[in-house]
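*Asks:* attaching a predicted model along with its sequence, questions to come.
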Amino acid sequence: AQRVTQPEKLLSVFKGAPVELKCNYSYSGSPELFWYVQYSRQRLQLLLRHISRESIKGFTADLNKGETSFHLKKPFAQEEDSAMYYCALRGLGNEKLTFGTGTRLTIIP
Amino acid sequence: GAGVSQSPRYKVAKRGQDVALRCDPISGHVSLFWYQQALGQGPEFLTYFQNEAQLDKSGLPSDRFFAERPEGSVSTLKIQRTQQEDSAVYLCASSQGLAYNEQFFGPGTRLTVL
């Protein structure tokens, strides 16, 4: 079975401060991990995926297989980062995504 | 270009009514997914199509839920004899269907069962 855990439902950070949204997963094989973001009144959209190893909007995430984690980080928060963030997993040979319960990030001006 | 569209955006049903939710995927996308998102939860997988073939329906919560994609494009999720626990946002997503392709999500249909 595959499972994604996001321990923080809410996270508030001051503008300019570092951000870390936690994500842990459970999967017996080699998963593909994603971060999706949903801004206010917008649809769910892909932020980044671990295989791309990109930095999107200043965010990065590293897959740590030893700790089964895929935490999302940004060194300096911006007000436009306020949104709902979901960590998701896709198993090998599987198309469906398994999502965590999400973290609502609020950036305090 | 047009993204994934869903209709209706909002649906209120009385308990016991049947409802049909429509998804128009991005043109040319082979794969189509339905997810259910209850309040305060993340999206949960319901079912998946590759063209017109329903390859995985393991997430459908009961036999009251039925999905189809007869021509490999538009899909309909039907819920029979709706119950209050069916109240949720129903999300549709599509992808090009190749390995590691991104899923693009629609705006969702918010279903409220009274």
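*Replies:* Nice, thanks for sending it over.
*Asks:* what number of residues lie near the residue of chain A found nearest chain B?
*Replies:* With C-beta to the nearest C-beta, the shortest gap between chain A and chain B falls at A:Phe99, namely 3.4 Å. Glycine gets a C-beta too; all of them are placed from N, C-alpha and C. A:Phe99: 21 surrounding residues under other C-beta atoms under 10 Å in any protein chain shown.
*Asks:* you'd agree it is up against A:Cys87?
*Replies:* Yes. The pair A:Phe99 and A:Cys87 passes the contact test of C-beta atoms under 8 Å, sitting 7.2 Å apart.
*Asks:* before we move on, back to that, what's across from the residue of chain A closest to chain B in the sheet?
*Replies:* Counting by DSSP bridges, A:Phe99 forms beta bridges with A:Ala88.
*Asks:* circling back to that earlier point, which neighbours do A:Phe99 and A:Cys87 share?
*Replies:* Both A:Phe99 and A:Cys87 are in contact with A:Val4, A:Tyr36, where contact means C-beta atoms under 8 Å, 6 or more residues apart in numbering or on different chains.
*Asks:* how about the nearest residue to the closest residue to chain A within chain B, chain neighbours excluded?
*Replies:* The minimum distance from chain B to chain A, using C-beta to the nearest C-beta, falls at B:Gly42 (3.4 Å). When the adjacent residues along the chain are set aside, B:Gly42 lies closest to A:Phe99, with 3.4 Å between them (C-beta to C-beta, 6 or more residues apart in numbering or on different chains).
*Asks:* for the one you found, give me its contacts.
*Replies:* A:Val4, A:Tyr36, A:Tyr86, A:Cys87, A:Ala88, B:Tyr35, B:Gly42, B:Pro43, B:Glu44.
*Asks:* give me the mean pLDDT for the helix or strand hosting the first one.
*Replies:* Secondary-structure assignment from DSSP states H and E places A:Val4 in strand A:3-5. Averaging pLDDT along strand A:3-5 gives 96.
*Asks:* which parts of it are buried?
*Replies:* Buried residues in strand A:3-5, counting neighbours by 16 or more other C-beta atoms under 10 Å in any protein chain shown, are found at A:Val4.
*Asks:* kindly report the same for stretch B:94-108.
*Replies:* Buried residues in stretch B:94-108, counted by 16+ other C-beta under 10 Å: B:Ser94, B:Ser95, B:Gln103, B:Phe104, B:Phe105, B:Gly106, B:Pro107, B:Gly108.
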